[in-house]
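Visitor: quick one: sequence and predicted model below, then my questions.
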Amino acid sequence: QVQLVESGGGLVQAGGSLRLSCAASGRTFRSYGMGWFRQAPGKEREFVALISWGGGTTDYADSVKGRFTISRDNAKNTVYLQMNSLKPEDTAVYYCAADRFLYSRRSADYDYWGQGTQVTVSS
């Protein structure tokens with residue numbers, strides 16, 4: 001069992017930056033692939049970024065590539081999402097998720113989810 005708690009969301013102006021953190025409980029965190037997803041009002045949850053258990057593989061949605069960076073610190077049981085050059089269309093609730101088997105762009109492949117953190121980007 002893994003529990004995930006996101007933090008770091010907030011209100012920021014367009015062009016600004018935020019760093020989201022996702023703290024995980026459980027000794028097996030380092031064996032999980034991790035992902036970030038987001039959901040804007042009235043829209044479906046969408047993939048943002050993923051990272052493999054060792055950090056050697058990362059992947060990003062085209063909409064955030066070059067602006068967002070995912071990383072992890074297995075010693076701290078934490079995964080991060082550094083978000084730069086934020087745009088109003090990045091406004092959403094951001095969720096982190098853990099995949100027991102590998103890593104994926106599909107939300108259905110993830111086994112554990114955090115409660116989400118709100119990111120609001122003003123124009």
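Guide: Noted; the coordinates are in hand.
Visitor: C-alpha only now, for contacts and for neighbours.
Guide: OK.
Visitor: and residue 69, how far from residue 42?
Guide: For residue 69, the distance to residue 42 equals 26 Å [CA to CA, to the nearest Å].
Visitor: comparing those two, which residue is more hemmed in?
Guide: Using other CA atoms under 10 Å as the criterion, residue 69 and residue 42 rank with residue 69 on top: 20 against 6.
Visitor: ok, residues contacting stretch 1-21?
Guide: Stretch 1-21 is touched from outside by 22-26, 29, 78-88, 95-98, 112-123, with contacts defined as CA atoms under 8 Å, 6 or more residues apart in numbering.
Visitor: list the buried residues in it.
Guide: 2-7, 9, 12, 14, 17-21 (16 or more other CA atoms under 10 Å).
Visitor: among the residues you listed, which pair sits farthest apart?
Guide: Farthest-apart pair in the buried residues of stretch 1-21 is 2 and 14; separation 33.8 Å (CA to CA).
Visitor: on that earlier part again, could you turn the buried ones of the contacts of stretch 1-21 into a PyMOL selection?
Guide: The buried residues among those can be selected in PyMOL (16+ other CA under 10 Å) with this line:
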select buried, resi 22+23+24+29+78+79+80+81+83+84+86+87+95+96+97+98+113+114+116+117+118+119+120+121+122
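Visitor: right, I'll call it a day here.
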